[in-house]
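Chemist: From the sequence below, what's the structure:
(chains A and B)
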Amino acid sequence: MDHTREILTFQFGTYANYVGAHFWNQQEANFRYEDESDQVAEEQLPNNDILYREGLNALNRTTYTPRLLSVDLAGTLGHIPVTGELYGNFVQRDGELLPLGTGEELQRARQQAEESGVSASQHLDVQEQPQAPISEYQRDLLKNSVAPEKNYKLAETANSWADFLYARYHPRTLNILPGLVRDPTVQALGTYSAGTELWQGAAFNDEFCDRIRLYVEECDGLQGFHVLFDIDDGFGGLAVKCLEHLNDEYSRASFALPLHHPRITSYPQADSRLSHSIRVVNSVLSYNQLSEQAAMFTPLSTLETIWRNTNLKSRSLPGIQWQADNLYQTSALLAAFLDTATLGYRLRQTPESLLRFCERVSPSGRKMTAAGMALPFGLREGQDLIEFLDQSGDHALLTQLTPGCEPGTSYVMQSVTARGIPAERLKRPREQAGEQLRMAAYGCDSVSHMLQLYYQCSYHGSVTNAAATPLPLKTQLPFPYEMFSVGISGNGLRLPGESEREPGTRVDSAPMLAALQNSTKLGEHLDNLHAQTHRVQLAKLQAHSNSGLERDDYETALDQLLEFRDLYADSQYL
Amino acid sequence: MASISLLNPKAEFARAAQALAINISAAKGLQDVMRTNLGPKGTVKMLVSGAGDIKITKDGNVLLHEMQIQHPTASMIARASTAQDDSTGDGTTTTVMLIGELLKQADIYLSEGLHPRIMTEGFEKARDKALEVLDKVKIPVEINKKSLVEVANTSLKTKVHPALADLLTDVCVDAVLTIASADKTKPVDLYMVELMEMQHKTDTDTQLVRGLVLDHGARHPDMPKRLENAYILTANVSLEYEKAEVNSGFFYKTAEEREAFVRAERDFIDQRVKKVIELKRSVCDGTEKTFVLINQKGIDPISLDALAKEGILALRRAKRRNMERLALACGGTAMNSFDDLQEEHLGYAGVVYEHVLGENKYTFVEDCKNPLSVTILIKGPNKHTITQIKDAIRDGLRAINNTIADKALVPGAGAFEVRAYNELVAFKDTIKGKSRLAVQAFADALLVIPKTLAVNSGYDAQDTIVKLTVEDRLNPELVGLDLATGEPMKPVDLGIYDNYIVKKQILNSCSIIASNLLLVDEVMRAGMTSLKG
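Modeler: Predicted structure coming up:
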């Protein structure tokens, strides 16, 4: 079939929108325009039509926007009007930016309203709220004068994902929850059951389901859904209900990505103990439903573990430093993973599909998978992949991004995607090969082939699917390029010895590796969760939320969680 | 010292008079915000958010939703007003005004030492009396176009410009009358009136389509754009090749085997398409008739191609609710399988055509034989205008439906409030004890409606009230305020009517909420504060 196999993306919750913002920024950084000469082969480029849609705005200009539905609290959008910035229908409050966008002048909007007869007389009473501040980066972006060498200090100043979003959204994309305002200290939408209730409310449901339908109607060969959501708060309930709706209505594969905040979450009117209970119960209920509704789900966090992690001990990636609780930086890492891991079925002319991808790494009901990533890849400048893999020895290439689990190195089902390793860095040509000739991997002719062989040798009894593209991860603005340590060169390779990158230069792109893994050891992740449930004060929780959490429902969910865990019991199973 | 402070020294509390003051000031505050919106001459508010989102409204309910209300008392009043909207669709501003005024009037007596309990007892008596008056003054109506137009027009004139209100009134009344049962005794199902919006730069128009407008179109370039004399097949059958179940990978040994599997699955879908085509041939061949397929499930490009070759217009992913509407508008049955397709399952429409606007496509299904479902098409230059018109239409439809349910109307323009005031003042003298003061307070509070109407139109409040009350005593018929002249007039003559149920609901809910607020003698705020980590 030659038509596009579209994917519709969902983002539920603030952190999900952070990750999403970086994800879409990455997509657009990789756009190729026709006049650009490029050495990357056509079939190794991502097919953007899978995630994007073409449209036409009221000014008859063509738009190209993510096929995305995002839900967030009021107050997170910052300067972005709810209808997006491409299709008009809003007032541009900033005089300086007025001539540049599709926004209207206030006076003009007012005049139009009077002409169209909606105001009963000449009494049109304009009430303006204070103008939302607009970040320096966004201002420059709108003026089309972003200086690549300017330091916008986004890590310190970004207040919301809206501040660093390069991509522009369709008017259908953004949804604001009725009556909930963002509070930076607590989760306004606290509990899972509050989320499910919200889904059932007509105020949200009708409009949202209609938007899904409109997106799906446009698709010729919809293959499935990416669902990113915050699992720590009530957005979990919302996302799970949405998954249920998607299965009922469209029966396509959905790849769910529950995201854990890299912070200690607190909830309105709850002390730390109760907060812990809320969080555990939210996870239990979400996991239970995910194991039924999703084709595959992969919990993501940059933290080492999400339970009892009071000093926010973070995972570490060699060559990168970040602040453990910085939303802007951590979400960029998760987005880099997501982009790379999903590249396999998003390339042009790939026979791979989302459904097959999911089935391959989540056999026989083991729907939860773990994420691993190597960013930067670790390749030294001047080193070939064959040498690098040879010298890595037992040292694991990947750092885990799924909290509290290590898939181990035996009986692993995995799907590995490498990017940014050019073909000429695979191995040296025969006449200069020297040592390399004696290595078994010298026979491999492609990056994916070589990785496949590497994992065949170093992982016992495992099945690996490797894919590769020479396209590196773009790490220019608005990616948090400042995370890279000085020992990394401008193209993301490790510099030999103690040498440092020239001061003032930045890392523009980096090769990386991302993997989705499944093994018996993932059961530990579920055990960890189950262990936390012993301390849950259910009675107190019920009193707290008033939002219909039934003891029976919770206990059924716990039982089912244990049943789900049993799927991971057989250690020899592949 | 309140007992709570023994248990929790950090608790904040306010007692008796202080608590009452808090409640009254909140109610007054809310009243002040909403005051200018009341009536046809009230102002329209254009809300511009920090990011530039525009919302135009004068609907009290919409405004209350927009203002993120934090004050507990204010949010309680706001909820009463929302409930008012949910049950009747009108009178939200009046609710807020009246609760505020009841508390304000009560405050005068309470500050002189009257106990709140006596006050609320008096309110109860006064409310019962007022309801009695309401029953007395209501005018039974025959359900015909004239009476429905009058009530809808009264409601709509308070929301939009008179010229637009007249247009919308006609549209709303026609919509309801088209789908109402022949004897017009039962209220209609308003879900069967679809509101479809179309953003068009230069065109502001609202029209009734006796049929359906769908917000999507054909996805194949060769499909016809316009069909006349069309059979309509509505279905909920998937016409796309897709492995439906998540874990249904098939197993094969050779590439040929795999091909065979794929072909077999594909064939399954092709069979369904063939059945549609066969039916089309059997009913259309040799006649002038054409064929339209509207499917709730998907249709993939290959199926579209096959259908297009036959000249069938096929739409995919129709709204679930539209399936029901289609059956009512065009006749026929929505099919869940193509196994036993017959001509009797098909609906009929005189004309089906596509309209493209920017990136949006619309499909009109019109000229139905006996449509029991209709569409109101709203065209406007921008989103916020459309939303405002949509809100107004919703209220207009509700007003019409209320009338059909009540079979009675109440004269508007503040007439009922003035009459109730006069009756209550007379009633007061029959009551013994201090609760007669409360009846007086209730009577005074009712006058806030005509007063505000007068003020919003630029007339003097006292002047108007004196004129109106005197006129009302002299007249057996009800007397309201003419906003054009500021003089008393007979609303019946001008055709200004309100819904009976709306007034009844207002009287009930306002007196209850006001009584509850008056009886509060302690407000406290205590409990766990969120621990910030």
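Chemist: Can you show me the CA trace of the strand or helix carrying A:Ala239 as PDB?
Modeler: Assessed by DSSP states H and E, A:Ala239 sits inside helix A:235-250. Output for helix A:235-250, consisting of C-alpha atoms alone and laid out as PDB, is shown next (Å, rounded to 0.1, in the frame of the first residue of the first chain):
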ATOM      1  CA  PHE A 235      -4.100  13.100  33.600                       C
ATOM      2  CA  GLY A 236      -3.500   9.300  33.900                       C
ATOM      3  CA  GLY A 237      -7.200   8.800  34.300                       C
ATOM      4  CA  LEU A 238      -7.900  11.000  31.400                       C
ATOM      5  CA  ALA A 239      -5.400   9.300  29.100                       C
ATOM      6  CA  VAL A 240      -6.600   5.800  30.000                       C
ATOM      7  CA  LYS A 241     -10.200   6.700  29.400                       C
ATOM      8  CA  CYS A 242      -9.100   8.200  26.100                       C
ATOM      9  CA  LEU A 243      -7.300   4.900  25.200                       C
ATOM     10  CA  GLU A 244     -10.500   3.000  25.900                       C
ATOM     11  CA  HIS A 245     -12.400   5.300  23.600                       C
ATOM     12  CA  LEU A 246      -9.800   4.900  20.900                       C
ATOM     13  CA  ASN A 247     -10.000   1.100  21.100                       C
ATOM     14  CA  ASP A 248     -13.800   1.200  21.000                       C
ATOM     15  CA  GLU A 249     -14.000   3.500  18.100                       C
ATOM     16  CA  TYR A 250     -11.000   3.000  16.000                       C
END
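Chemist: Now do it: everything it contacts.
Modeler: Helix A:235-250 is contacted by residues A:10, A:12-13, A:16, A:71, A:189, A:191-200, A:208-209, A:212-213, A:216, A:222, A:225, A:227, A:229-230, A:252, A:254, A:256, A:258, A:282-283, A:285-286, A:289-290, A:293-294, B:298 when judged by C-beta atoms under 8 Å, 6 or more residues apart in numbering or on different chains. For the C-beta atoms, the positions are set from N, CA and C on the backbone; glycine is no exception.
Chemist: Just the buried ones from those?
Modeler: Neighbour-count burial (16 or more other C-beta atoms under 10 Å in any protein chain shown) applied to the contacts of helix A:235-250 gives A:10, A:12-13, A:16, A:71, A:189, A:191-199, A:208-209, A:212-213, A:216, A:222, A:225, A:227, A:229-230, A:252, A:254, A:256, A:258, A:282-283, A:285-286, A:289-290, A:293-294, B:298.
Chemist: Need the mean per-residue confidence for the helix holding A:Ala239.
Modeler: Averaged across helix A:235-250, the pLDDT comes to 91.
Chemist: Contacts (any at all) between chain B and the helix or strand following that helix?
Modeler: Of the helices and strands lying after helix A:235-250 in sequence (DSSP H and E), the nearest is strand A:253-259. Yes: Strand A:253-259 lies in contact with chain B when judged by C-beta under 8 Å from any C-beta of the partner chain; the contacting residues are A:Ala253.
Chemist: Strand A:253-259 vs helix A:235-250, what angle?
Modeler: Regarding strand A:253-259 and helix A:235-250, their directions subtend 180 degrees when assessed with axes from the mean of the first three to the mean of the last three C-alpha atoms, to 10 degrees.
Chemist: Against which helices or strands is strand A:253-259 packed?
Modeler: The elements that strand A:253-259 packs onto, with contact taken as 3 or more C-beta pairs under 8 Å, 6 or more residues apart in numbering or on different chains; DSSP states H and E, are helix A:14-29, strand A:224-230, helix A:235-250, helix A:272-293, strand A:296-297, helix A:327-342, helix A:354-361.
Chemist: Any chance of CSV for these, columns distance to B:Asn322?
Modeler: Conversion of these to CSV gives the following (distance: least, C-beta to C-beta, whole Å):
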stretch, distance to B:Asn322
helix A:14-29, 31
strand A:224-230, 23
helix A:235-250, 14
helix A:272-293, 26
strand A:296-297, 33
helix A:327-342, 34
helix A:354-361, 29
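Chemist: quick one: which of those is nearest A:Asn491?
Modeler: helix A:14-29 (14.6 Å; C-beta to C-beta).
Chemist: count of neighbours near the closest residue to A:Tyr166 other than its chain neighbours?
Modeler: Beyond its immediate neighbours in the sequence, the residue positioned closest to A:Tyr166 (C-beta to C-beta, 6 or more residues apart in numbering or on different chains) is A:Asn25, lying 4.4 Å away. The criterion is other C-beta atoms under 10 Å in any protein chain shown. On that basis, A:Asn25 has 22 neighbouring residues.
Chemist: Then B:Ala21?
Modeler: Based on other C-beta under 10 Å, the number of other residues close to B:Ala21 is 13.
Chemist: Okay, now the unreliable bits of the chain?
Modeler: Using chain A. A:1-2, A:34-40, A:42, A:100-102, A:116-123, A:394, A:543-548, A:571-574 (pLDDT under 70).
Chemist: Sorry, I should have been clearer: chain B.
Modeler: Residues of chain B meeting the criterion pLDDT under 70: B:1-16, B:59-62, B:64-71, B:182-183, B:203, B:242-253, B:522-533.
Chemist: Around chain B, pick out the residues from the stretch 351-500 of chain A.
Modeler: A:Leu355, A:Arg356, A:Cys358, A:Glu359.
Chemist: any idea how far the second one is from A:Tyr33?
Modeler: Distance of A:Arg356 to A:Tyr33, computed by C-beta to C-beta, to the nearest Å: 31 Å.
Chemist: Which of the two has more residues huddled nearby?
Modeler: For A:Arg356 against A:Tyr33, the residue with the higher neighbour count under other C-beta under 10 Å is A:Arg356, and the figures read 16 against 6.
Chemist: chain center to the helix or strand hosting B:Ala441: distance?
Modeler: Following DSSP H and E, the helix or strand that holds B:Ala441 is helix B:435-446. Taking C-alpha atoms, centre = their mean, to the nearest Å, one finds helix B:435-446 lying 33 Å from the centre of the chain it belongs to.
Chemist: Report all helices and strands that that helix contacts.
Modeler: Applying 3+ C-beta pairs under 8 Å, 6+ apart, one finds that helix B:435-446 contacts helix B:92-110, helix B:116-137, helix B:415-428.
Chemist: right, and these - which one's nearest chain A?
Modeler: Checking the helices and strands packed on helix B:435-446 against chain A by C-beta to the nearest C-beta gives helix B:92-110 as the closest, at 13.2 Å.
Chemist: on that earlier part again, so which of the residues of the stretch 351-500 of chain A next to chain B is the closest to chain B?
Modeler: Nearest member of those to chain B, counting by C-beta to the nearest C-beta, is A:Glu359, at 5.8 Å.
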